[in-house]
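Participant: just a sequence and a predicted model for now, questions to come.
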Amino acid sequence: MLLRLCWRLLALVFVGLGLIGAVLPGMPTTVFMLLAVWAAGKGWPPLAEWLLNHPRFGPPLRQWQSERAIPRRAKWLAGVSMFISMPLICLSAPSPWVQWLVPSSMCLVLLWLCSRPEPRYTQL
């Protein structure tokens, strides 16, 4: 019971972060929604099903689950979002190591995204 509650809370936190990422440049959406589906699958299956069937979030989540693929549009949006937010984060960073860590992390994530295949089908 307590473990299921923890999974549910974690799923809700990830959904919340994903929703914030949907409107805030530089914050990922799909990653948090993938984590939300994973956590919900362990403690709240109806939420996992709802996310997988959601008109906006569902297709990339299903594509990741079935093919480990990321749509080209998601890759482009992530890259553009990183490109826009990187200077803002670097200029407002409190220390030089953060000014190097943030762009380095973003570049690694972008390389990883580009290395993922694109889905075979646009609709699942």
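Facilitator: Okay, I see it.
Participant: list the buried residues for whichever strand or helix holds residue 15?
Facilitator: Here residue 15 sits within helix 2-23, counting by DSSP states H and E. Across helix 2-23, burial judged by 16 or more other Cβ atoms under 10 Å covers 7-8, 10-11, 14-15, 17-19, 21. Where you see a C-beta, it was placed from the backbone N, CA and C, and this is true even at glycine.
Participant: and stretch 94-106, by the same measure?
Facilitator: Those would be 99, 102-103, 106, for stretch 94-106 by 16+ other Cβ under 10 Å.
Participant: which one of these is nearest residue 51?
Facilitator: residue 106 (25.6 Å; Cβ to Cβ).
Participant: report the helix or strand with the lowest average pLDDT across the chain.
Facilitator: helix 72-92 (a mean of 87; mean pLDDT, DSSP states H and E).
Participant: ok, back up a step: now distance to residue 111 too, for the buried residues of helix 2-23, in TSV please.
Facilitator: Formatted as TSV, the buried residues of helix 2-23 follow (distance: Cβ to Cβ, whole Å):
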residue	distance to residue 111
7	31
8	34
10	28
11	29
14	24
15	27
17	23
18	22
19	27
21	20
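Participant: work out which residue lies at the spatial centre of the protein.
Facilitator: Nearest to the mean C-alpha position of the chain, counting by Cα atoms, centre = their mean, stands residue 31 at 1.8 Å.
Participant: which residues sit in contact with that residue?
Facilitator: Contact analysis of residue 31 by Cβ atoms under 8 Å, 6 or more residues apart in numbering lists 18, 21.
Participant: I'd like the average pLDDT over the helix or strand harbouring it.
Facilitator: Using DSSP H and E, residue 31 maps to helix 30-43. Mean pLDDT, computed over helix 30-43, is 94.
Participant: which strands or helices does the helix or strand just after it pack on?
Facilitator: Once the chain leaves helix 30-43, the next helix or strand it forms, by DSSP H and E, is helix 45-52. Judged by 3 or more Cβ pairs under 8 Å, 6 or more residues apart in numbering; DSSP states H and E, helix 45-52 is in contact with helix 2-23, helix 30-43, helix 58-67.
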